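In: Provided below for reference: sequence and predicted model.
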Amino acid sequence: MSQRVLLLSSAENGLTRRAAAALRRAGRVVRTEVVAGAGEMDAAVARADFDLIICPYLKSAVPERITSRWTTLTIHPGPVGDRGPHSLDWAITNAEPRWGVSALTAVAEMDAGPVWAFRTFPLPGGRTKSALYNTVVADAAVECILEAADKASDPRYVPVDQADAPREIRDARPRPAMRQSDRAIDWADDAHTIARRINAADGSPGVLTTLHTHPVHVYDAHPGKRLGHIGEPGAIVGRAHHRIEIACGTDTLWIGHLRAKTASDGCKGPATNVLHRMGYPILTVPRNTAATVGDIHYHREGASPIATITIDAYNGAFDTVFCLRLADAIRHAGREGTDVLILRGTDNPHWCNGIHLGAIEHAVEPAREGWANITAINAVCRALLECTSQVTIAALTGSAGAGGVMLALAADIVVARQRVLLNPHYATLGLTGSELHTFTLPHRVGPDRARELLTDCPSLDTVEAHRSNLIDRVGPDREFDCWLDDLAREYCRPAVWAAAMQAKWARLNIDLPPGRIEAILTEELAQMSADLFGDRYGFAARRHAFLRKIPQPAPVRVPREV
């Protein structure tokens, strides 16, 4: 009989979803329960329909009445010997070169139980906590979970006491919870030092600081390009798009997102939006687009037949201006005479999650900003779909959701890194969606499967996404860039390129006769108008809850005709 696993988690985050998918692929029967405390844990185990409990992401201890009855494992984002709720925060702050993940028996003292499995790995510098957690940490955690589940199937296996387990990270030790006083930044320091401290708190809880008397949490930090004494440390000296430039000791730092300390504005948003809403005269700050951090990069090596647009949007959220700039970049790339155009992300965990909910939430008129955002991302989809001179490849280097998945479907070829998760639906946020999905989704997966994805709101790993024909190919995690280069060169071969272009011609001229794209967008936007301005499915409340990590009701049952 298959091993039955109960996943207990404080949230159904990316690691929890990846763990469930990996266990199912390995032949296990999996049930996931999101629990907030001991009472909900008791309710979750009441059915007793499992052989093993695994806690991929749990903020509180499992009661002894549960651990004494069932084998219960916790996943700690730190190496053997490390303990504490902010393991990764300390590792980034201290610039640790290597770190680890451990699968431990759940005991009364958090992170102190015997060891079932562990992994260590290099800890890349210059990355945020959320980026590391959802990539190298999650990769190692999934490996530990699978190894520990295998061992738990053997009644003879005995986990190793931590005192006897190998210590591959010598500095591993119990560490306290990290307080804001531990995270404090001094704007007189250099930008790289400040950025590392902010990275250690990104995406939660952020670093609390003061900008022009306004207390804010700062996120999304990138050292600037200007050197020397630009202004008084901590002063806002420039802005570009949604970012602000802050003077440091000898250089500057760009900050992309803020969260006001006040309870009424307690969610993250684009920095300029948040400051404007707080009353800061942001429009008086000089623009400095020449020295900003690039988030859209076009690259072509000499006369190469391959061009690449690399996108790097914080948490995969595309605001209105970003979308308009990206649509322009795609149209520009289409005129450059290459054979293949790749639209890809960076090593960050998110490729695209669609419209920018934080920008909408902080807008003076959220519905109007939502409308501007959805029409702008539609322009990106249309630019990619109508790129007639090149084979287009959407390369999902990170997870994608809602409009981000549908944007990728506008490309001729869709590929993904193995660790990617896809959430091809809108209903969890009370939206019907646009991005030409009423054509591209059923065109790929068929109308029946399209309705299932849009109404049942599953989270798909790349195996299931490939099986559904949502994506064409799956590449490796560790050598993805080389794999993608090889794939692009394959599509430069004359016969392969000609076949792909013939399929493109059929899609644009037979499946989409003249006027059909405009009709699709008109139909989709009519539905979105009712979602945004009429709020018929509760988008405003669901957006508010999502941004503040408040538990949401079940997805709304949106009538679907695709």
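Out: Happy to help now that I have it. Numbering: from 1, shown residues only.

In: In terms of helices and strands, where is residue 374?
Out: helix 366-385 (DSSP states H and E).

In: Sort out which residues of that helix are buried, please.
Out: 366-367, 369-385 (16 or more other CB atoms under 10 Å). All C-beta atoms are positioned from the backbone trio N, CA, C, and that covers glycine.

In: now do stretch 428-447
Out: Those would be 428-445, for stretch 428-447 by 16+ other CB under 10 Å.

In: which regions of the stretch 451-562 of the chain lie under the pLDDT threshold?
Out: 556-562 (pLDDT under 70).

In: what ranges do the strands span in it?
Out: Ranges of strands in the stretch 451-562 of the chain, per DSSP state E, counting those that start in this stretch, are 460-461, 473-475.

In: So which residues lie in contact with the shortest one, not counting its own?
Out: The contact list for strand 460-461, computed with CB atoms under 8 Å, 6 or more residues apart in numbering, reads 17-18, 21-22, 25, 420-424, 468, 470.

In: What values do phi and psi take at residue 307?
Out: With angles defined as degrees, to the nearest 10, residue 307 sits at phi -120, psi 150.

In: quick one, what contacts it?
Out: By CB under 8 Å, 6+ apart, the neighbours of residue 307 are 298-300, 333, 336, 338, 340-342, 390.

In: give me the beta-bridge partners of it?
Out: residue 300, residue 341 (DSSP bridges).

In: neighbours around residue 237, how many?
Out: Look at residue 237: counted by other CB atoms under 10 Å, it has 18 neighbours.

In: Assumed it was part of a strand.
Out: Yes - under DSSP: H, G, I helix; E, B strand; the rest coil, residue 237 sits within a strand.

In: just the contacts of strand 460-461 now: which is nearest residue 273?
Out: Minimum distance to residue 273 across the contacts of strand 460-461 is 25.0 Å, recorded for residue 423 (CB to CB).

In: That closest one pairs with what?
Out: Under the criterion used (DSSP bridges), residue 423 bridges to residue 401.

In: That one against residue 401, yeah?
Out: Yes - between residue 423 and residue 401 there is a contact under CB atoms under 8 Å: 3.8 Å.

In: Quick one: closest of the strands of the stretch 451-562 of the chain to residue 305.
Out: Short answer: strand 473-475, nearest of these by CB to CB, at 19.7 Å.

In: What pairs with that closest one, parallel or antiparallel?
Out: Counting by DSSP bridges, strand 473-475 is paired with strand 413-417 (parallel).

In: Can you find the helix or strand of this protein with the lowest average pLDDT?
Out: Lowest on mean pLDDT, DSSP states H and E among the helices and strands of the chain sits strand 214-227, with a mean of 92.

In: So which of the buried residues of stretch 428-447 sit within strands?
Out: Residues of the buried residues of stretch 428-447 located in strands (DSSP state E): none.

In: so of the strands of the stretch 451-562 of the chain, which one's packed in deepest?
Out: Among those, ranked by average contacts under mean count of other CB atoms under 10 Å, first place goes to strand 460-461 (a mean of 22).

In: That one pairs with which strands, parallel or anti?
Out: strand 421-423 (antiparallel).

In: what's the strand it pairs with in contact with?
Out: 14, 17-18, 21, 396, 399-402, 405, 416, 457-462, 465, 470-471.

In: just the buried members of those residues?
Out: 14, 17-18, 21, 396, 399-402, 405, 416, 457, 459-462, 465, 470-471.

In: before we move on, the earlier item: using CSV, write out every CA atom in the least confident helix or strand of the chain.
Out: Output of strand 214-227 as CSV, limited to C-alpha atoms (Å, rounded to 0.1, in the frame of the first residue of the first chain):
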residue,chain,number,x,y,z
HIS,A,214,8.1,58.7,7.6
PRO,A,215,8.6,55.2,9.3
VAL,A,216,8.6,52.6,6.6
HIS,A,217,9.7,49.0,6.0
VAL,A,218,12.1,48.8,3.0
TYR,A,219,12.4,46.0,0.5
ASP,A,220,13.7,45.3,-3.0
ALA,A,221,17.2,46.9,-2.6
HIS,A,222,19.8,47.3,-5.3
PRO,A,223,23.1,49.3,-5.1
GLY,A,224,23.1,52.2,-7.5
LYS,A,225,25.6,53.3,-10.2
ARG,A,226,26.4,56.8,-8.8
LEU,A,227,29.5,57.1,-6.6
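
In: Now it: buried residues?
Out: 214, 216-224, 226.

In: before we move on, what about stretch 326-336?
Out: 326-327, 329-330, 333-334.

In: which residue sits closest to the residue nearest the centre of the chain, ignoring its sequence neighbours?
Out: In the chain, the residue lying closest to the centroid (CA atoms, centre = their mean) is residue 350, at 3.1 Å. Among residues not flanking residue 350 along the chain, residue 316 sits closest, at 3.0 Å (CB to CB, 6 or more residues apart in numbering).

In: give me the number of residues near that neighbour?
Out: Considering only other CB under 10 Å, residue 316 is surrounded by 23 other residues.

In: and it, what does it touch?
Out: 345, 348, 350-354, 398-401, 404.

In: Let me see the contact set for the residue nearest to residue 165 when sequence neighbours are not counted.
Out: Of all residues not flanking residue 165 in the chain, residue 115 sits nearest, at 4.4 Å (CB to CB, 6+ apart). Taking CB under 8 Å, 6+ apart, we find residue 115 in contact with 80, 102-104, 159-162, 165.

In: Can I get those in CSV including secondary structure?
Out: Shown next, in CSV, are the contacts of residue 115 (three-state DSSP):
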residue, secondary structure
80, coil
102, strand
103, strand
104, strand
159, coil
160, strand
161, coil
162, coil
165, coil
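
In: what are the ranges of the helices in the stretch 401-550 of the chain?
Out: Along the stretch 401-550 of the chain, the segments classed as helices by DSSP state H, counting those that start in this stretch run 403-408, 437-445, 447-456, 462-467, 480-492, 494-506, 516-532, 539-547.

In: Columns distance to residue 210 on top of those helices, output as JSON lines?
Out: Formatted as JSON lines, the helices of the stretch 401-550 of the chain follow (distance: least, CB to CB, whole Å):
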{"stretch": "helix 403-408", "distance to residue 210": "34"}
{"stretch": "helix 437-445", "distance to residue 210": "43"}
{"stretch": "helix 447-456", "distance to residue 210": "45"}
{"stretch": "helix 462-467", "distance to residue 210": "44"}
{"stretch": "helix 480-492", "distance to residue 210": "40"}
{"stretch": "helix 494-506", "distance to residue 210": "53"}
{"stretch": "helix 516-532", "distance to residue 210": "35"}
{"stretch": "helix 539-547", "distance to residue 210": "23"}
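
In: Three-state assignment for residue 43, please.
Out: Applying three-state DSSP: residue 43 is helix.

In: Quick one: neighbours of it, just the number.
Out: Residue 43 has 11 nearby residues by other CB under 10 Å.

In: ok now do it, which residues does it touch?
Out: With CB under 8 Å, 6+ apart, residue 43 has no contacts at all.

In: hang on, the earlier thing: quick check: ChimeraX command selecting the buried ones in the contacts of residue 115.
Out: Selection of buried members from the contacts of residue 115 for ChimeraX, criterion 16+ other CB under 10 Å:
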select :80,102,103,104,159,162,165
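
In: Max pairwise distance over the contacts of residue 115: which two?
Out: 103 and 161 (14.2 Å).

In: From residue 416, how far out is the residue nearest to residue 165?
Out: 33 Å (CB to CB, to the nearest Å).

In: Also residue 516?
Out: Distance from residue 516 to residue 416, by CB to CB: 28 Å.

In: now residue 108
Out: 41 Å.

In: same question, residue 2
Out: 27 Å.

In: what's the answer for residue 34, then?
Out: On the measure of CB to CB, residue 34 and residue 416 end up 26 Å apart.
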